[in-house]
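A.B. asks: Take a look and give me a structure for this.
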Amino acid sequence: MVDHDRGEAKPLLLWLGRILPSVELRTPLLTRVRRDVLNTMPVLVRLAAHHRDWIRDPETWQPDLCKSPRDLLVSLIEHLLARYPLPRFCENAWFIDGPLAHIEREWFCHLGQGKNVRTFGGWMPLISRRAAHEFYSAPTHFQMREALRYGQAQAIVKDRDMSCAIAKSRLGLDFIHDAIWIPFFGMWANSRRDPEEFFLVADYLWAQAQENDIHGFNLTGRNFPSLVQSAKRFFKKLSEPELPGDSARISGGELNASHRNFLLDRRLSQWEPLEGVGPYVTERSGWRYEIRELINATELLAEGSDMAHCVGGYGSRCRTGSSSIFSLRSCDLENGVLDREVTMEVSRLSRRLVQARAWKNSLPHPTTRRIILEWCRQFGISAKA
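C.D. replies: Prediction:
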């Protein structure tokens with residue numbers, strides 16, 4: 001078991017070995033709680049990976065056996081990592097599958113040490129003092145990124161239901177384009193138009209942001225009514241059939257969310273993959289490594305969010321055919337969960353590896369560097385600077 005994602009080849013067994021006795025001997029979490037009820041072991045591994053953030057020793061944890069299994073496990077998380085009580089939604093970070101080094105778990109440790117939400121590391125959305133205050137009142141079932149978006153929206157629109165809807169929409173992950181979204185929240189708040197019109201325009205702006213450079217679209221000189229009309233024209237144009245017999249045409253005022261999603265999926269869902277590069281899988285030392293191309297905007301946003309870098313804003317490069325983005329993921333053959341390791345950009349014109357970045361734009365681990373070079377050789381990609 002190796003801590004690849006945090007950039008160092010440190011064994012976690014030592015730290016996991018300090019947690020397991022307390023959990024096994026003092027609680028029923030590993031012996032009586034079924035995995036389909038609460039999958040405890042992955043959470044313990046994640047806690048071991050964050051041993052540098054521990055503020056208390058696992059041996060001093062005093063579990064309250066009257067608590068539910070999840071609350072019991074959360075009490076261990078808080079014992080190890082939180083000096084002060086945190087909002088309930090923060091605990092959800094430890095139940096997210098994926099890389100050991102997940103940005104929301106980094107944020108949990110940051111808050112647990114008593115630091116401010118406005119000084120989060122990694123990619124950082126625009127958080128005002130008011131937004132930071134509202135962040136702490138987000139619903140308990142939210143992920144931390146949704147809570148951040150909720151706080152931003154609530155600070156401006158001052159409508160809890162609307163802020164929740166914004167956080168759960170496609171804007172919930174797209175912090176790359178906050179130069180558009182934050183002014184847009186204010187524009188809608190000042191106009192107080194129908195919430196349905198808000199999401200109509202949001203879908204239109206999101207499409208524009210995906211098809212243009214990050215600085216290629218702004219709201220200067222626009223007002224909300226004009227954006228509504230632009231959005232309607234945009235979706236009516238999209239609804240025109242691409243082929244004879246295409247049933248996608250929308251009549252009258254049927255621009256509801258499901259129709260818009262269909263139209264955006266048809267226009268933006270994916271771009272052509274890089275020719276001559278197929279799936280790549282290799283195994284070594286009990287691990288499986290996979291490399292695959294990311295071919296839609298949603299995949300780019302998820303990659304950038306989880307890896308704490310800006311690849312989420314590379315949609316225009318991919319759509320115009322200048323770049324292809326690939327994700328290298330690893331999987332311990334015993335647990336079968338693929339973790340993101342490295343994001344790679346390849347120039348489509350020169351078939352050259354432009355960059356390869358791990359967590360927070362760090363350099364890849366030596367093992368993954370060797371795998372990337374093997375992949376480049378197999379598919380004729382130049383790895384020279």
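A.B. asks: Next up, the contacts around the residue nearest to R26 when sequence neighbours are not counted.
C.D. replies: Of all residues not flanking R26 in the chain, P63 sits nearest, at 5.3 Å (C-beta to C-beta, 6 or more residues apart in numbering). Placement of C-beta: from N, CA and C, glycine included. The neighbours of P63, taking C-beta atoms under 8 Å, 6 or more residues apart in numbering as the test, are S22, R26, T27, L72, S75, L76.
A.B. asks: Hmm, the last one is touching W61, no?
C.D. replies: Yes: when contacts are counted by C-beta atoms under 8 Å, L76 is listed as touching W61 (5.7 Å).
A.B. asks: Low-confidence bits of the stretch 151-300 of the chain, can you list those?
C.D. replies: Using pLDDT under 70 as the threshold, the predicted model of the stretch 151-300 of the chain has low-confidence ranges 212-217, 241-254, 269.
A.B. asks: where do the helices sit along it?
C.D. replies: 160-167, 178-191, 195-211, 224-238, 257-268, 297-307 (DSSP state H, counting those that start in this stretch).
A.B. asks: I'd like the next helix or strand past the last one.
C.D. replies: When you say that, I think you mean helix 297-307. helix 315-319 (DSSP states H and E).
A.B. asks: Determine the set of other helices and strands touching the helix or strand just after that next one.
C.D. replies: Moving toward the C-terminus from helix 315-319, the next helix or strand (DSSP H and E) is strand 323-332. In terms of contacts (3 or more C-beta pairs under 8 Å, 6 or more residues apart in numbering; DSSP states H and E), strand 323-332 is packed against strand 287-294, helix 297-307, helix 315-319, strand 338-347, helix 366-379.
A.B. asks: what's the spacing between strand 323-332 and its chain's center?
C.D. replies: Taking C-alpha atoms, centre = their mean, to the nearest Å, one finds the center of strand 323-332 at 15 Å from the center of the full chain.
A.B. asks: repeat for stretch 170-189
C.D. replies: Between the centre of stretch 170-189 and the centre of its host chain there is 16 Å, according to C-alpha atoms, centre = their mean.
A.B. asks: what comes up buried for it?
C.D. replies: When burial is assessed from 16 or more other C-beta atoms under 10 Å, stretch 170-189 yields the following buried residues: 170-178, 180-182, 184-185, 187-189.
A.B. asks: What of stretch 33-40?
C.D. replies: Neighbour-count burial for stretch 33-40 flags V33, L38, T40 (criterion: 16+ other C-beta under 10 Å).
A.B. asks: about what we covered before: in ChimeraX, how would I select just the buried ones from the contacts of P63?
C.D. replies: Command for ChimeraX that selects the buried part of the contacts of P63, burial taken from 16+ other C-beta under 10 Å:
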select :22,27,72,75,76
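A.B. asks: Between the contacts of P63, which sits nearest Y280?
C.D. replies: Using C-beta to C-beta, L76 is the member of the contacts of P63 that lies nearest Y280, at 38.5 Å.
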